[in-house]
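> sharing a model prediction with you, sequence too.
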Amino acid sequence: MKKRVVVGMSGGIDSSVTAALLLEQGYEVIGLTMNHWENNSASSNPIVEAEKIAATLNVPLHVVDFKADFRHLIIDQFGKEYFRGRTPNPCIVCNKKIKFGLLLDEAMKLGGDYLATGHYVGLSNVDQRVFVRRGLDRNKDQSYFLFALNQQQLSRCLFPLGDLDKDKVRAHAERLNLSFTKKDESQDICFIPDNDYVSFLEQEFGANKLSGDIVHIDGKVVGQHKGVYRYTIGQRKGLGIGWSEPLYVVGINSELKQVIVGEKPYLSRSKMVVEQCCWSITVPNEPLPTLCQIRYRHVEVSATIIPLKDDDGCAQVVFDQPQYGITPGQAAVFYADGLVIGGGWIK
């Protein structure tokens, strides 16, 4: 009997090739797409595009409405984090709670043995545990975004593109006569047009009332800002300050409505604390050498994880070499031999 795979389909090239390859491999394929955010551009409506691909592949497509869940779990939390002076990564939360949470539940209701997506990652089974593995194409590797998935979620996943690069995916699309009116590269954050998060926050939450002081790290007020949500750690442009040396955002105090700036050396950190840690390995109880990635495009660096026994789910990360631009709200992901062994949120 054929295994039934439910494919999360967005109408883009990655999920479409995923569905086509699984059909070729002999699986029974069902398409599943989610209506999670209003899209004003009919020409790029993901549901319309997914319907076209499903018709081309002759597979059934089901649509689920997650707009209310997406608003509550992703959008509202995104705003709260920015107003706290943090820089959130909503894609990681969406993967945990929406794509491999609610969507996975729907896939199982459809009788699926697995949920497949077009993520550029692989899976490895080691000592009866499932690990996310870096994708072959390091420029497309998305393992960083999946660190929070648990064993139950991972055991139900398939990622057919993990051993392919983007050029091969495009070649498969051409071979399979799959055509796309939607651009095949998604924007950074799917619900923010043109990645203009400042305008988005102001339109959705009326955030433009949160003005305050720009303060040098020595305590001197050096300027004014129109909202802490406009700034992130490491930012240099857009400060509007005349100074003898380039200044960078080195801290944000949302309670005092202060953006704190300083010269580049003040961005350097030799250690940090991460919270709400998730582990693919047994939770470490002693210092653990690892490789740590502190943002999506960051090259992982050597570090040691030190569990903080007095704090539930927290750990200190000590870097072999100081790092620049450590940003509260972003994720820190830990690797060993190309496998995700854990991760947490920078505190």
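That came through fine.

> ok, residue 70 to residue 36 distance?
4 Å (C-beta to C-beta, to the nearest Å). Where C-beta positions appear, they are placed from N, C-alpha and C, glycine not excepted.

> so what sits against both of these two?
residue 98 (C-beta atoms under 8 Å, 6 or more residues apart in numbering).

> and the residue of the chain positioned farthest from its centre, helix, strand or coil?
For the chain, the residue at maximal distance from the C-alpha centroid (C-alpha atoms, centre = their mean) is residue 244, at 37.0 Å. For residue 244, the secondary structure call by DSSP: H, G, I helix; E, B strand; the rest coil comes out as coil.

> kindly report the same for residue 87.
Assignment for residue 87 (three-state DSSP): coil.

> ok, it - contacts?
81, 232, 233, 327, 328, 329, 330.

> quick one: contacts for residue 290?
By C-beta under 8 Å, 6+ apart, the contact list for residue 290 reads 302, 303, 304, 305, 334, 335, 336, 341.

> pick the one among the residues you listed closest to residue 218.
Lowest distance from residue 218 to the contacts of residue 290 (C-beta to C-beta) belongs to residue 303, with 29.8 Å.

> apart from its neighbours in sequence, what residue is nearest that closest one?
Using C-beta to C-beta, 6 or more residues apart in numbering and skipping the chain neighbours, the partner closest in space to residue 303 is residue 292 (4.1 Å).

> which neighbours does the helix or strand hosting that neighbour have in its sheet, and in what orientation?
Applying DSSP states H and E as the criterion places residue 292 in strand 288-293. According to DSSP bridges, strand 288-293 forms sheet pairs with strand 301-307 (antiparallel), strand 331-336 (antiparallel).

> hey, which helix or strand in the chain has the poorest pLDDT?
The weakest-scoring helix or strand in the chain, judged by mean pLDDT, DSSP states H and E, is helix 197-205 (a mean of 90).

> and that helix, how far from the chain's centre?
On the basis of C-alpha atoms, centre = their mean, to the nearest Å, helix 197-205 sits 20 Å off its chain's mean C-alpha point.

> picking that back up, mind putting the contacts of residue 87 in TSV, secondary structure included?
TSV is the format used below for those (three-state DSSP):
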residue	secondary structure
81	helix
232	coil
233	coil
327	coil
328	coil
329	coil
330	coil
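
> neighbours around residue 297, how many?
Counted by other C-beta atoms under 10 Å, the residues lying close to residue 297 total 7.

> got it, and residue 261?
The local packing of residue 261 (other C-beta under 10 Å) involves 24 other residues.

> how near is it to residue 154?
For residue 261, the distance to residue 154 equals 42 Å [C-beta to C-beta].

> and for residue 62?
Distance from residue 62 to residue 154, by C-beta to C-beta: 23 Å.

> then residue 52?
Relative to residue 154, residue 52 is positioned 31 Å away (C-beta to C-beta).

> spell out the residue ranges of the helices in the stretch 1-150 of the chain.
For the stretch 1-150 of the chain, the helices defined by DSSP state H, counting those that start in this stretch cover 13-24, 46-57, 67-70, 76-83, 90-94, 103-109.
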